[in-house]
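1. Quick one: sequence and predicted model below, then my questions.
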Amino acid sequence: MPTNVSEFGGEWYAAAYRLQGSQVVVLGTLRSDPAGVRGWLTTAGLPRSGAYLTPAVGTAPGFYAKPYLSDIYYRIDPGTGGAVWDGDARFGEPRTVTERDGFRG
């Protein structure tokens, strides 16, 4: 179950999800700092690792998931847990992160 983390203007956005067939199933989202993200993953029993997505200029702040190797990003609505394809989202190449490196991009 992947976790994608990104930072927009000093705010960290984390989304944990899994793929069910071709559907992105959101397990949870959190807006916090790196310590809060780590604590949330621990409390929720989620893997304390994932991918850091570096947002390109112009990408709207929010929760994103990159479930495939191709550059397809899903924007997550934290209120509904819905994930929809976002053709406007642009990120640099995702980097694997772990608790050890503090989710730093």
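-> That came in fine, so what should we check first?
2. going forward, measure contacts and count neighbours with C-alpha atoms only.
-> Noted.
3. Could you pull out the helices in the protein for me?
-> Secondary structure of the chain (DSSP state H): helices at 34-44.
4. show me where pLDDT drops low in it?
-> 99-105 (pLDDT under 70).
5. Burial check on residue 80, number of neighbours?
-> Residue 80: 8 surrounding residues under other CA atoms under 10 Å.
6. ok, it to residue 34 distance?
-> Using CA to CA, to the nearest Å, we find residue 80 at a distance of 24 Å from residue 34.
7. Could you do residue 98 as well?
-> The gap separating residue 98 from residue 34 is 11 Å, by CA to CA.
8. Would you mind telling me which of these two has the busier surroundings?
-> residue 34 (19 against 16).
9. The more buried one reaches residue 12, doesn't it?
-> Yes: look at residue 34 against residue 12 with CA atoms under 8 Å: they come within range, at 6.8 Å.
10. Give me the common contacts of those two.
-> Counting by CA atoms under 8 Å, 6 or more residues apart in numbering, residue 34 and residue 12 have no common neighbour.
11. List the contacts of residue 29.
-> Shown in contact with residue 29 (CA under 8 Å, 6+ apart): 13, 14, 15, 16, 63, 78.
12. With distance to residue 38 as new columns, can the residues you listed be given to me in CSV?
-> Formatted as CSV, the contacts of residue 29 follow (distance: CA to CA, whole Å):
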residue, distance to residue 38
13, 12
14, 10
15, 12
16, 12
63, 16
78, 18
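13. Pick the one among the residues you listed closest to residue 2.
-> Closest approach between the contacts of residue 29 and residue 2, by CA to CA: residue 16, at 5.8 Å.
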